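J.: structure of the sequence below:
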Amino acid sequence: MKTALLTGANKGIGFETARQLLQHGYYVYLGSRDRQRGQQAADQLRAEGYPHVEPVQLDVTDSASIAAAREAVGRQTTVLDVLVNNAGISGGYPQPALATPLSTFRNVFATNVFGAIEVTQVFSDLLWQSPAPRIVNVSSGLGSLTLQNDPCWRFYTVKGAVYPPSKTALNAYTVALAYELRDTPFKVNLVCPGYVDTDFTDHLGDSSVAEGAARVTKAVLLGPDGPTGQFFGQEAGSDLNPW
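T.: Here you go, the predicted model:
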């Protein structure tokens with residue numbers, strides 16, 4: 001049975017992606033910063049008939065928590081087939097470039113960038129044991145410099161000095177990681193789930209949680225001929241169609 005670890009998976013897109021991977025036969029390690037909420041999420045999935053899910057306390061901004069999560073997962077498996085770096089925060093809006101406190105930048109980048117990087121590095125040894133490892137970093141169209149500079153894009157006026165640049169940085173890291181792993185079985189990609197109806201968007205999104213999670217799931221399920229180092233998603237205009 002293939003294994004997958006998802007961060008920020010106790011609700012929203014992460015939770016639904018966990019459900020979809022369980023439906024595809026994966027054993028899912030459900031990462032959650034809050035231990036109790038993670039347990040409740042896992043219990044809900046088990047009640048739905050998915051027994052192969054295990055909650056893992058994982059705060060991506062805490063090195064000790066990441067190390068403890070690695071130890072916990074390592075006690076149960078020597079192989080990790082999938083890592084989905086889903087945990088993310090917006091930092092709150094508005095985010096004026098000249099007035100947003102540096103503390104907001106640090107908090108958002110700690111989760112959206114540094115957290116994803118550290119989790120990837122710490123769990124990389126387990127990923128190397130998989131014959132077909134997949135890393136999916138959940139990004140946003142707001143992190144695309146091309147889209148941000150396109151007056152025809154529907155979110156052109158949605159500007160922020162913190163959250164969008166954090167996703168731009170995550171995009172750049174992912175491209176570098178994919179290039180580094182280009183001659184290996186790894187597939188490393190970015191997915192924008194779209195403008196999804198979740199707490200994160202104050203439930204204003206025009207995509208359902210299931211639709212957003214399906215875009216992430218599709219990247220997880222890539223075959224050996226699938227792309228790597230790419231950015232896909234509804235807001236990028238592809239909605240994963242090339243796959």
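
J.: list the strands paired with the helix-or-strand element of the chain with minimal mean pLDDT, with their directions.
T.: Among the helices and strands of the chain, strand 231-233 carries the lowest confidence by mean pLDDT, DSSP states H and E, at a mean of 90. Paired with strand 231-233 in the same sheet, following DSSP bridges, are strand 187-192 (parallel).

J.: going by neighbour count, list what's buried in whatever helix or strand comes next after the strand it pairs with.
T.: Using DSSP states H and E, the helix or strand that follows strand 187-192 in sequence is helix 209-220. Within helix 209-220, the residues that count as buried by 16 or more other CB atoms under 10 Å are Val209, Glu211, Gly212, Ala213, Ala214, Arg215, Val216, Thr217, Lys218, Ala219, Val220. Just so you know, the C-beta spots here come from the backbone N, C-alpha and C atoms, and that holds for glycine as well.

J.: ok, which stretches of this protein are helices?
T.: For the chain, helices defined by DSSP state H occupy the ranges 12-23, 35-47, 63-74, 102-109, 116-128, 145-148, 163-180, 209-220.

J.: any chance of JSON lines for the ones you listed, columns mean pLDDT and distance to Gly88?
T.: Output for those, formatted as JSON lines (pLDDT from 0 to 100; distance: least, CB to CB, whole Å):
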{"stretch": "helix 12-23", "mean pLDDT": "98", "distance to Gly88": "9"}
{"stretch": "helix 35-47", "mean pLDDT": "98", "distance to Gly88": "16"}
{"stretch": "helix 63-74", "mean pLDDT": "98", "distance to Gly88": "16"}
{"stretch": "helix 102-109", "mean pLDDT": "98", "distance to Gly88": "9"}
{"stretch": "helix 116-128", "mean pLDDT": "99", "distance to Gly88": "8"}
{"stretch": "helix 145-148", "mean pLDDT": "94", "distance to Gly88": "18"}
{"stretch": "helix 163-180", "mean pLDDT": "98", "distance to Gly88": "8"}
{"stretch": "helix 209-220", "mean pLDDT": "95", "distance to Gly88": "12"}
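
J.: contacts only, for the spatially most central residue of the chain.
T.: By CA atoms, centre = their mean, the chain has its centre lying nearest to Asn86, at 2.3 Å. Asn86 sits next to Leu6, Thr7, Gly8, Ala9, Ile13, Gly14, Thr17, Val138, Val216 when contact means CB atoms under 8 Å, 6 or more residues apart in numbering.

J.: now, of these, which are buried?
T.: In the contacts of Asn86, the ones that pass as buried (16+ other CB under 10 Å) are Leu6, Thr7, Gly8, Ala9, Ile13, Gly14, Thr17, Val138, Val216.

J.: surely the first one touches Val84?
T.: The one in question is Leu6. Yes - if you go by CB atoms under 8 Å, Leu6 and Val84 touch, sitting 4.3 Å apart.

J.: number of nearby residues for Thr77?
T.: Counted with other CB atoms under 10 Å, residues neighbouring Thr77 total 16.

J.: contacting residues for it?
T.: By CB under 8 Å, 6+ apart, the contact set of Thr77 is Thr3, Tyr27, Leu126.

J.: next: Ala41.
T.: Ala41 neighbours (CB under 8 Å, 6+ apart): Ala9, Asn10, Lys11, Phe15, Ala18, Leu30, Ser32, Pro55.

J.: against Phe15, how distant is it?
T.: Distance of Ala41 to Phe15, computed by CB to CB, to the nearest Å: 6 Å.

J.: what do these two both touch?
T.: Residues touching both Ala41 and Phe15 (CB under 8 Å, 6+ apart) are Ala9, Leu30.
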